[in-house]
Each structure stands twice: as structure tokens, then as C-alpha cells.
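In: Give me the fold of what follows.
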Amino acid sequence: MTWSIVARDPKSGRFGIAVSTCAFAVGAICPWSRAGVGAISTQAHTNPLHGPLAIDLMTRGLPVTEALAMTLAHDEGREIRQVHGVDAKGNTFAHTGAHCVDWCGHLTGENFTVAGNMLAGPAVVADTLASFEANAGLEFGNRLLTALEAGEAAGGDKRGKQSAALLIQGSEPYAEADIRVDDHPEPVTELRRLFGIYSTSRRAYMRTMGGIGDFAGIVDDAERDAFVAANLKTEEAS
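Out: Presented below is the predicted three-dimensional model:
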């Protein structure tokens, strides 16, 4: 019912997930991440528990391969599930249950995985992967979204379109970006529009917030405004 890409940016250590489906509010139950630990998408006949439980296991030191294998072993519905993810060392794991609805399948690359079910065909996953590999020079969020757009162009979910989401996990406990389109006739197109707003008016401001090592962040209004303005100029030039 869904296709998604889960990736780790080896340059920054950030994690990202881009996902779309013909179902309501995919961003609420499929993508999961934790700073410095990993990222997971749980989909098909979704069991949301695979995300937080596997990430808890990964926090204790297990690689994603062992963590998701353990959660799947305890899930009697594993053959109707699809789960995939990446950990902080770049290890990847993907599972497509034997009873997921065609077309279904997954592919893995270095530091990323792509998986989908109930798709128009294998090109959705293949083109998502190819786009991500071909666009290593793009900013990480843009690269993820461009890959999702390639899958959409290849046919996407064979039932149609309804929701999409982009989650980027930086070094803080909260997400760097958590953008969701819950119900829209063109969710991937709308996600691109919202990502543009985030990039030009929100991303720089997020960097002024409190975080690990600097609980308060930038509290002076003038200093914050100057920081945001300077960072926006840098991003526009890049």
C-alpha cells in the first residue's frame, strides 16, 4: 500500500525517510527515527510497533539487522508486513512478507533501502533507488524527496494517492524536519511545496532552538534574526 526510502547521510550522520501511499496520514505510523541510532519504515499491513521497539533495541547496541529480525520473530503477522531501515553504522535491513500484495519488494544500497507494496510495478522501487544514487550532490532532504518523486513518476501506489511524509532526523532528540501531507489529491507534489516553505523559512530558524549542549539555544531576538538571515543567504547560494 506504500513505498518509501530510508537513508543515512554518511557525511552528517542524519537519517531520513520519505514515504507515500494511498491511505490517510502515512507520516503518523510508518516513519520512525532516533538521533544517532537509526531510522525505520514499517508498512504494508502496518504494525507500528516495529519502529519504536526496534529502535529501542538499536539504542542498546544491536544492529538494525538483529533488531528488526527480533521484532519480526515476535509478530505472527510478519508475512503481511514490510519493514526496512538503516542504523548509525550504515547497516541496512529489509523484509517483505510472503503475503504482501503485489507488486511488492525491496532493494538496498549503501546506507539506504527502498521498499514498497501494492505498487504499479517494480519500476517504482527501482526508479526511487536509481534517483537517490544519481543525486548524491543534492541536499539530503531534497535528495530524498527527488527519489520519492521518481517513484511517483514510475506509477507509485497502484490504488492512487492520498498522503506523503518526509522525516529528517538530525543530532537532536527532536526531528530536524517532520513534514506531513495527510490527505491530498497530489500528496507528493504538495510535499514538495511544503518542503520549499520549510527550506526557505523554517530550517534556519530550527537551528536557533535549544539542543544537546545548548539547552536554551539563541534567546536574543536580534541575534536570532541575524543568524536566520545569514543562514538563509548561505542556503540560497548552495
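In: so where do the strands sit in this structure?
Out: Using DSSP state E, the strands found in the chain span residues 2-8, 15-21, 31-34, 38-44, 81-87, 92-96, 105-109, 112-117, 163-169, 177-181.
In: how far is the fifth one from where the chain is centred?
Out: Offset of strand 81-87 from its chain centre (CA atoms, centre = their mean, to the nearest Å): 11 Å.
In: counting contacts, what elements does it pack onto?
Out: On a contact count with 3 or more CB pairs under 8 Å, 6 or more residues apart in numbering; DSSP states H and E, strand 81-87 meets strand 2-8, strand 38-44, helix 50-59, helix 64-73, strand 92-96, strand 105-109, strand 112-117. Backbone N, C-alpha and C define where each C-beta goes, glycine included.
In: What's the mean pLDDT across the third one?
Out: Yep, that's helix 50-59 we're talking about. Averaging pLDDT along helix 50-59 gives 98.
In: Quick one: residues in contact with that helix.
Out: Contacts with helix 50-59, where a contact means CB atoms under 8 Å, 6 or more residues apart in numbering, come from 30-34, 37-38, 40-42, 64, 66-68, 70-72, 75, 81, 83, 85, 87-88.
In: Just the buried residues of those.
Out: 30-34, 37-38, 40-42, 64, 67-68, 71-72, 75, 81, 83, 85, 87-88 (16 or more other CB atoms under 10 Å).
In: so what's the nearest residue to Val26 once chain neighbours are set aside up against?
Out: In this structure, Val26 finds its nearest non-sequential neighbour in Ser163, 4.4 Å apart by CB to CB, 6 or more residues apart in numbering. When contacts are counted by CB under 8 Å, 6+ apart, Ser163 is found next to 20-21, 23-27, 180-184, 187.
In: same question, Asn135
Out: Arg143, Thr146, Ala147.
In: Return the distance of it relative to Glu186.
Out: The gap separating Asn135 from Glu186 is 22 Å, by CB to CB, to the nearest Å.
In: pretty sure His84 is in contact with Gly105, am I right?
Out: No: judged on CB atoms under 8 Å, His84 makes no contact with Gly105 at a distance of 10.8 Å.
In: which neighbours do the two share?
Out: With CB under 8 Å, 6+ apart as the test, His84 and Gly105 both reach Ala115.
In: More neighbours: which of the two?
Out: His84 (29 against 20; other CB atoms under 10 Å).
In: so who does the residue nearest to the more buried one when sequence neighbours are not counted touch?
Out: Using CB to CB, 6+ apart and skipping the chain neighbours, the partner closest in space to His84 is Ala94 (3.8 Å). Residues near Ala94 by CB under 8 Å, 6+ apart: Val83, His84, His106, Leu107, Thr108, Thr113, Ala115.
In: so how many other residues sit close to Ile17?
Out: Ile17: 28 neighbours (other CB under 10 Å).
In: Next one, pLDDT for it please.
Out: For Ile17, pLDDT reads 98.
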